[in-house]
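>>> just to be clear, the model below is a prediction. Sequence and coordinates:
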Amino acid sequence: VDPAKSALDTGVALTSGKIGGYVKVTDIIDAVNVFAGTCDCAGFTEELVTYDPATTTAVCNGDLDAAKVACDAANESSCSSIISNCGLLTQGLPLFTDIDSDGDGTPDALSLGATFTAAGAKINGIAAAM
């Protein structure tokens, strides 16, 4: 808590905060697949990435070159970018797993940590519950 920047009328300010945790590889792959599923330009008939947690093997599916060309033509840069980087994701992500979240002896998650600073805020206009 930064006492010089904190008060009852302005809120509590924080400095040098630290937060940490982990993200499971399956959750990352699921999020990528959900996003890729919104890329109609790609014409995918299956998920972009298949991941086998038992072997920590990830594979890009489909004709990525054709999908990228189609998304470039449709001016869908976010879709084109995720398709272009699929190989980086499938090859790199399993290499960085360092947390065994389920205790089976195989790392299945990536640790993460960040420092932060937060400014104080006063919330006005909260109505009473009915």
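That came in fine, so what should we check first? Small disclaimer: the values here were computed from a predicted structure and weren't measured.
>>> ranges for the strands of this structure?
Counting by DSSP state E, the chain has these strands, from start to end: 14-24, 49-52, 57-60, 109-118.
>>> now those as TSV including distance to I83 and mean neighbour count?
Any C-beta I mention is one placed from the backbone N, CA and C, and that applies to glycine too. Output for those, formatted as TSV (distance: least, CB to CB, whole Å; neighbours: other CB atoms under 10 Å):
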stretch	distance to I83	mean neighbour count
strand 14-24	22	12
strand 49-52	11	16
strand 57-60	8	16
strand 109-118	22	13
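>>> and of those strands, who's closest to D2?
Set against D2 and scored by CB to CB, the strands of the chain come closest in strand 14-24, at 4.7 Å.
>>> can you add distance to K5 and mean pLDDT and give the strands of the chain back as TSV?
Conversion of the strands of the chain to TSV gives the following (distance: least, CB to CB, whole Å; pLDDT from 0 to 100):
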stretch	distance to K5	mean pLDDT
strand 14-24	8	91
strand 49-52	44	92
strand 57-60	45	92
strand 109-118	10	92
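>>> now the ones you listed in CSV, with distance to A66?
Below are those laid out as CSV (distance: least, CB to CB, whole Å):
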stretch, distance to A66
strand 14-24, 31
strand 49-52, 17
strand 57-60, 13
strand 109-118, 31
